[in-house]
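Student: Fold the stuff below for me.
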Amino acid sequence: VVLPTTEVDRGREILGAAEAELRRVEALMSTWIEETEISRFNAAVAEEAVPLSADSLEVLNAARRLFDRTEGAFDVTCRPLIELWRLAGEEGRLPREGELDEARRASAWSQIELSGQMARKSRETTCVDLSGIAKGFAIDRALWVLRRSEATGGLVEVGGDLRVFGVGPEGDDWSVGIRSPIEDRAWGEMSLSDGAVCTSGDYARFTEIDGRRFSEIVDPRTGRPADRASSVTVVADDAMTADAWATALSVLGPEGLSLLPKDERIEALVVSVDESGLPSARASDGFARFLVSFELELAESQ
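Tutor: Now for the predicted structure:
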């Protein structure tokens with residue numbers, strides 16, 4: 001099909017607006033950019049009131065709720081632990097027990113007050129890292145731009161996480177692959193018309209120390225890298241929710257499936273690989289309805 005030039009130009013304009021929305025959220029919440037609101041909060045002194053946008057406050061409040069729902073497995077305040085393990089990787093040594101304890105005490109939700117249009121922390125060391133939730137929020141915002149354009153369908157994908165709506169390129173539902181955590185290929189295929197799919201795994205982000213690979217996802221409760229799941233795939237109505245639960249289940253492992261809220265459409269697949277390299281898969285009760293194909297035998301959560 002050859003589209004008229006005006007439609008092509010309109011399509012480029014819409015995609016440009018969606019990308020601009022992604023960049024806008026990044027400029028608010030990235031910890032890699034010093035001028036963002038979140039970076040300013042992290043750099044603030046104790047008891048300083050730091051103004052935040054409605055978007056940043058929305059993500060922080062969602063993160064606090066998810067901290068409770070995941071029993072502390074999803075915790076954006078564990079940034080000192082993330083930085084400690086990143087430094088350990090650079091130095092090629094494991095963190096000492098005292099360093100882990102200190103990093104765990106340095107930052108916590110109990111040290112943060114969110115009120116009105118600002119945030120305040122009681123300790124100067126308190127800081128947050130929204131990398132496990134802000135990307136999903138940015139995807140949701142970009143997709144909103146596509147929906148507002150009255151497009152018949154659209155997909156926003158960032159780093160393997162995505163959200164879709166409407167019809168796909170072939171005029172039917174969208175096809176999404178499920179990547180193997182131990183091979184560079186897909187193990188399965190999903191189909192959906194409206195929703196988000198986010199994936200987390202130790203194969204994508206890791207630190208190597210003394211020849212041993214450690215996931216960059218840290219268990220906030222222990223201070224040590226998560227090792228309960230090799231990959232997690234989450235389907236939800238929105239990408240922010242799917243993004244956060246993918247991180248949480250990487251920490252919790254298959255047992256965490258029981259914590260998925262029953263009042264929301266959130267389904268998940270957890271793949272674990274044992275010491276011999278043998279994979280096994282467990283999924284929430286409703287995950288199979290999205291599957292077109294999957295190579296592993298699927299066990300449902302108990």
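Student: Point out where the stretch 201-302 of the chain drops to low pLDDT.
Tutor: By pLDDT under 70, the weakly predicted segments of the stretch 201-302 of the chain are 203-205, 300-302.
Student: residue boundaries of the strands in it?
Tutor: 206-209, 212-215, 231-236, 266-273, 279-283, 291-294, 298-300 (DSSP state E, counting those that start in this stretch).
Student: my read: Ala196 touches Ala236, true?
Tutor: Yes. Look at Ala196 against Ala236 with C-beta atoms under 8 Å: they come within range, at 5.3 Å. Just so you know, the C-beta spots here come from the backbone N, C-alpha and C atoms, and that holds for glycine as well.
Student: Need the overlap of contacts for the two.
Tutor: By the contact definition C-beta atoms under 8 Å, 6 or more residues apart in numbering, Ala196 and Ala236 are jointly contacted by Ala242.
Student: follow-up on the earlier one: tabulate the strands of the stretch 201-302 of the chain in JSON lines, adding columns for mean neighbour count and distance to Gly160.
Tutor: Shown next, in JSON lines, are these (neighbours: other C-beta atoms under 10 Å; distance: least, C-beta to C-beta, whole Å):
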{"stretch": "strand 206-209", "mean neighbour count": "15", "distance to Gly160": "15"}
{"stretch": "strand 212-215", "mean neighbour count": "16", "distance to Gly160": "16"}
{"stretch": "strand 231-236", "mean neighbour count": "27", "distance to Gly160": "10"}
{"stretch": "strand 266-273", "mean neighbour count": "23", "distance to Gly160": "14"}
{"stretch": "strand 279-283", "mean neighbour count": "20", "distance to Gly160": "18"}
{"stretch": "strand 291-294", "mean neighbour count": "15", "distance to Gly160": "18"}
{"stretch": "strand 298-300", "mean neighbour count": "13", "distance to Gly160": "21"}
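Student: quick one, which of these is nearest to Ala62?
Tutor: strand 231-236 (12.2 Å; C-beta to C-beta).
Student: outside of the closest one, which residues touch it?
Tutor: With C-beta under 8 Å, 6+ apart as the test, strand 231-236 has contacts from 178-181, 190, 192, 195-203, 241-243, 245-246, 249-250, 264-271, 287, 290.
Student: Could you rerun that using 7 Å?
Tutor: Outside strand 231-236, the residues within contact range by C-beta atoms under 7 Å, 6 or more residues apart in numbering are 178, 181, 192, 195-201, 203, 242, 245-246, 249-250, 265-271, 287, 290.
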